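Asker: Need the 3D shape of this:
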Amino acid sequence: MKKITFLLLMILPFIGIGQTFDFTNTDDGWTVLGGVTATNEATSIKLTTKDNTTDGSLKNPTFATLTAGVDTSVNTIVGVTLKNISATGPDFLRVSFLKPSGGRVYKNLDITTGDADFVTYWFDMSNANWTGTMDDIKLHFRAAGNTDYVLPDPQVTIDIDKIQIVATIPTTLQEIFSFATNNDTEGFIATNGAISGPTAGTLTFTPEALKFAKLVQNLRHVNATTNKTVTIVLKNNSSTNDQLRFVANGSTVTKVISTNDTEAKTYVFDLKDIAEWTGDVSFSVGVGISTGDNAGKAADAGTMEFSSIVIDNTEVLSTKDNVFNNLSIYPNPANSTIKINTTNTISKILVFDIAGKKVLERASNITNTLNVSKLNSGIYFVKVIDTKNNLSTQKLIIN
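Answerer: Below is the predicted model of the structure:
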């Protein structure tokens with residue numbers, strides 16, 4: 001059933017009307033176009049591809065409505081919540097709308113396959129042609145790179161839980177991204193690049209050469225008023241991409257990073273003097289080259305392996321970064337004692353839990369061994385500072 005929801009001023013910075021097609025035992029005025037059938041279920045609508053074993057001519061299923069009734073002056077975001085159940089399902093989704101003069105405008109996103117749960121994808125429909133009352137909206141299921149998705153044998157199904165048309169993307173607070181759950185990107189999507197994993201605590205980003213490649217976080221926000229420091233731990237496998245960008249609220253902070261890394265390194269962004277870094281904000285992390293005519297763009301497709309992105313305001317994060325090139329922690333996972341292996345002279349060790357709370361600190365009688373037996377099972381971040389005020393951050397798993 002299509003629902004009209006009034007968004008109160010206390011929730012959004014304006015009053016608007018959002019629309020939700022929740023497909024509760026109804027198609028809500030949506031229909032399938034070619035290559036797929038639709039079945040109304042209790043809380044969703046199931047799309048099932050048709051048998052395509054004869055000549056392979058069936059491709060690119062489309063789900064559409066001619067009666068959306070969207071007030072485009074208020075609502076510019078389309079959210080599609082779906083479960084792409086099969087590993088051979090389509091991995092590219094386009095949302096299109098009709099231009100007043102004819103033709104269509106398309107907005108594109110990569111989507112996951114083999115989903116165990118529903119995933120929501122948000123499309124920004126802002127465009128000069130997104131005007132008046134918009135009735136004609138279509139979902140086009142295609143293959144990666146916006147290529148033809150030839151319907152597979154056997155058939156696949158896609159469950160659509162709801163389609164939301166709203167003024168802004170709803171976000172939830174999250175300030176530590178640890179990539180601890182396999183295949184959970186924690187809200188990150190790729191622009192001009194591709195994400196794989198996460199696996200084993202690492203999210204891998206492959207940038208597209210000669211493009212402004214970035215990881216975009218639209219589903220979570222951070223409290224920028226309280227937390228003024230960003231710590232990113234990554235391993236850069238590129239031989240040329242030497243720039244890391246943190247972008248939020250129209251402001252960009254850059255760092256030159258090492259290339260051809262043999263291990264993960266730590267980069268710290270101090271944002272306390274950035275006027276735009278305030279309130280609840282989402283952000284993106286870009287990679288590229290730091291100089292030349294294509295500065296900011298990726299020069300090659302060398303992968304970036306992200307171990308963690310932490311936004312907090314601890315005093316340790318004001319120190320210099322990216323100097324511990326030889327630090328390791330073992331065993332990891334651990335349950336009693338860890339050994340910190342480094343040739344640097346350690347002056348302080350701090351351990352933070354997944355919520356950013358400091359749970360251990362050693363600032364005197366420092367040795368390279370730390371007792372962690374009193375920590376509960378879970379994920380922690382160990383921050384090590386040497387006598388020259390250099391910092392390294394390592395992820396630690398306690399069994």
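
Asker: Once you drop chain neighbours, what's closest to Thr199?
Answerer: Asn182 (5.4 Å; CB to CB, 6 or more residues apart in numbering). Using the backbone N, CA and C atoms, a C-beta is placed for each residue, glycine as well.

Asker: no, scratch that, I was asking about Glu208
Answerer: Asn192 (4.6 Å).

Asker: That neighbour and Phe212 touch, don't they?
Answerer: Yes - assessed by CB atoms under 8 Å, Asn192 is found in contact with Phe212 at 5.9 Å.

Asker: joint contacts of these two?
Answerer: Ala298 (CB atoms under 8 Å, 6 or more residues apart in numbering).

Asker: circling back to that earlier point, pull the contacting residues for the residue nearest to Glu208.
Answerer: Counted by CB under 8 Å, 6+ apart, Asn192 has contacts 207-208, 211-214, 298.

Asker: Please repeat the previous calculation with a cut-off of 6 Å.
Answerer: The contact partners of Asn192, by CB atoms under 6 Å, 6 or more residues apart in numbering, come to 208, 211-213.

Asker: May I see these organised as CSV, with neighbour count, secondary structure and distance to Ile257 added?
Answerer: Shown next, in CSV, are the contacts of Asn192 (neighbours: other CB atoms under 10 Å; DSSP: H, G, I helix; E, B strand; the rest coil; distance: CB to CB, whole Å):
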residue, neighbour count, secondary structure, distance to Ile257
Glu208, 16, coil, 18
Lys211, 15, coil, 18
Phe212, 18, coil, 16
Ala213, 26, strand, 14
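
Asker: Name the residue closest to the centre of this protein, please.
Answerer: Closest residue to the average C-alpha location of the chain: Phe188 at 0.3 Å, with CA atoms, centre = their mean.

Asker: residue contacts, Glu305?
Answerer: 202, 204, 235.

Asker: Which residues does stretch 140-153 contact?
Answerer: Contacts of stretch 140-153 (CB under 6 Å, 6+ apart): 35, 49, 52-53, 56, 58-62, 88, 90-92, 94.

Asker: Need the worst-confidence member of the residues you listed.
Answerer: Across these, the bottom pLDDT score, 64, is held by Thr53.

Asker: where's Lys107, which helix or strand?
Answerer: In this assignment (DSSP states H and E), Lys107 forms part of strand 104-110.

Asker: Next, Lys388: secondary structure please.
Answerer: Following DSSP: H, G, I helix; E, B strand; the rest coil, Lys388 is assigned to coil.

Asker: re earlier: from the contacts of stretch 140-153, keep the buried residues only.
Answerer: 35, 49, 52, 58-62, 88, 90-92, 94 (16 or more other CB atoms under 10 Å).

Asker: Of those residues, which belong to strands?
Answerer: Among those, the members found in strands (DSSP state E) are 49, 62, 92, 94.

Asker: if we look at the sheet, which residues does the last one bridge to?
Answerer: Counting by DSSP bridges, Arg94 forms beta bridges with Asn108, His140.

Asker: give me every residue that touches Thr76.
Answerer: Residues near Thr76 by CB under 6 Å, 6+ apart: 125-126.

Asker: wait, Asn335
Answerer: Asn399.

Asker: Quick check: it vs Ile398, distance?
Answerer: 6 Å (CB to CB, to the nearest Å).

Asker: Please apply the same query to Lys50.
Answerer: Distance from Lys50 to Ile398, by CB to CB: 50 Å.

Asker: And the two? Which one has more around it.
Answerer: Ile398 (20 against 14; other CB atoms under 10 Å).

Asker: first vs last residue of stretch 285-297, how far apart are they?
Answerer: From its first residue to its last, stretch 285-297 covers 13 Å (CA to CA, to the nearest Å).

Asker: mind checking how far it is from the chain centre?
Answerer: What separates the centre of stretch 285-297 from the centre of its chain is 21 Å, taken as CA atoms, centre = their mean, to the nearest Å.

Asker: ok, residues contacting it?
Answerer: With CB under 6 Å, 6+ apart as the test, stretch 285-297 has contacts from 207, 210-215, 241-243, 245-246, 256, 298-299, 304.

Asker: ok so, going back, for the buried ones among the contacts of stretch 140-153, which one is nearest Ile349?
Answerer: Asp91 (43.1 Å; CB to CB).

Asker: Which residues are in contact with that closest one?
Answerer: Counted by CB under 6 Å, 6+ apart, Asp91 has contacts 111, 113, 144.

Asker: could you pull out the helices for the stretch 1-150 of the chain?
Answerer: In the stretch 1-150 of the chain, no helices are defined using DSSP state H, counting those that start in this stretch.

Asker: Show me the shaky parts of it.
Answerer: 1-17, 53-56 (pLDDT under 70).

Asker: make it 80
Answerer: 1-18, 51-57 (pLDDT under 80).

Asker: And stretch 275-285, what's buried?
Answerer: Within stretch 275-285, the residues that count as buried by 16+ other CB under 10 Å are 277, 281-285.

Asker: Tell me how far it lies from the chain's centre.
Answerer: 15 Å.

Asker: Asn260 and Val285: what is the separation?
Answerer: 20 Å.

Asker: and the contacts of stretch 285-297, which are buried?
Answerer: 207, 212-215, 241-243, 245-246, 298-299, 304.

Asker: number of nearby residues for the residue lying closest to Met134 once chain neighbours are set aside?
Answerer: Spatial nearest neighbour of Met134, chain neighbours left out: Val70 (4.2 Å); criterion: CB to CB, 6+ apart. Neighbour count of Val70, defined by other CB under 10 Å: 23.
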